[in-house]
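Asker: Sequence and predicted structure are below.
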Amino acid sequence: MLGIVAYALGAMYSPGPVNLLGLNIGINGQAKKSVGFCLGVGTAMLVYLLVLGWMGAAWIDDEALIVVSALGCGYIVYLASKIARSSVDISEPDNAPRLVNYRNGLVMQLLNPKAIVATLPITTLQFPAADIQGLSLVVWAFGLAMLAAGAPGSYILIGSAVGSRIKSPAIIKGFNWLMAGLLVAVALSIGVEHVWLPLTARS
């Protein structure tokens, strides 16, 4: 049981597109509005844990993972462009990129290959090994989904603590560009690992 929690913490709280976006949300002073975003992330993980827990890995075959990965790359780049193009005015926090909502958290995590890759070992190996099924699977899925919602939340809090000490709009704008660049790099990495290499391996 502890192994499941330890694995989930390591997989969910390591840097990734959703957590990087959470850091940016905190830097831009939107921590108080970020509950919906975190709930969206948690809901997406709940969906994966329940569906894969009941149906197994057969639901996510190689073809489906390639499609989800490609869509995820596009969505990450789209959000990165919103961050890079956002205006910055410290006196007006509402000018920060409007990424703090339930839909963005849900869609980004559903299209995040890292979420699928993190969930598969739990649902196909660890749950069966611990004889977690039926009602107990639902309970575990809700608990792990809450952990997942807390992952971007922790990055948002860190970003908020850092952002509250930054007084220069130019620094925040530079940080936005840095985060946008990191998100694009993550998208490219996902694209190469989960889209390009599997496709070229077939030819």
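Answerer: That came through, no problem. Remember, predicted model here, so these are calculated numbers, not experimental data. Numbers count the residues shown, from 1 in each chain.

Asker: number of nearby residues for residue 139?
Answerer: Residue 139: 11 surrounding residues under other Cβ atoms under 10 Å. (Glycine included, C-beta is placed from N, CA and C.)

Asker: again but with residue 77, I slipped
Answerer: Using other Cβ under 10 Å, the number of residues around residue 77 comes to 17.

Asker: how near is the nearest residue to it once chain neighbours are set aside to residue 16?
Answerer: Sequence neighbours aside, residue 187 is the residue nearest to residue 77 in space, at 5.0 Å (criterion: Cβ to Cβ, 6 or more residues apart in numbering). Distance of residue 187 to residue 16, computed by Cβ to Cβ, to the nearest Å: 11 Å.

Asker: next one: residue 1
Answerer: Where residue 16 is concerned, residue 1 sits at a distance of 25 Å (Cβ to Cβ).

Asker: of those two, who's got more company?
Answerer: Shown here are residue 1 and residue 16; by other Cβ under 10 Å, residue 16 has more neighbours (23 against 9).

Asker: Which residue is the nearest non-sequential neighbour of residue 111?
Answerer: In this structure, residue 111 finds its nearest non-sequential neighbour in residue 72, 3.6 Å apart by Cβ to Cβ, 6+ apart.

Asker: In terms of pLDDT, where does that neighbour sit?
Answerer: Per-residue confidence (pLDDT) for residue 72: 84.

Asker: picking up where we left off before, got the CA positions of whichever strand or helix holds the residue nearest to residue 77 in CSV?
Answerer: Residue 187 belongs to helix 169-190 when assigned by DSSP states H and E. Taking Å, rounded to 0.1, in the frame of the first residue of the first chain, the C-alpha atoms of helix 169-190 are listed here in CSV:
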residue,chain,number,x,y,z
PRO,A,169,7.1,43.5,-14.4
ALA,A,170,10.1,42.9,-16.7
ILE,A,171,11.3,40.0,-14.4
ILE,A,172,7.8,38.4,-14.4
LYS,A,173,7.6,38.8,-18.2
GLY,A,174,11.0,37.2,-18.5
PHE,A,175,9.8,34.4,-16.3
ASN,A,176,6.7,33.9,-18.4
TRP,A,177,8.9,33.6,-21.5
LEU,A,178,11.1,31.1,-19.6
MET,A,179,8.1,29.0,-18.6
ALA,A,180,6.7,29.2,-22.1
GLY,A,181,10.0,28.0,-23.5
LEU,A,182,10.1,25.1,-21.0
LEU,A,183,6.6,24.1,-21.9
VAL,A,184,7.5,24.0,-25.6
ALA,A,185,10.6,21.9,-24.7
VAL,A,186,8.4,19.5,-22.8
ALA,A,187,6.0,19.3,-25.7
LEU,A,188,8.9,18.6,-28.1
SER,A,189,10.2,15.9,-25.7
ILE,A,190,6.8,14.3,-25.5
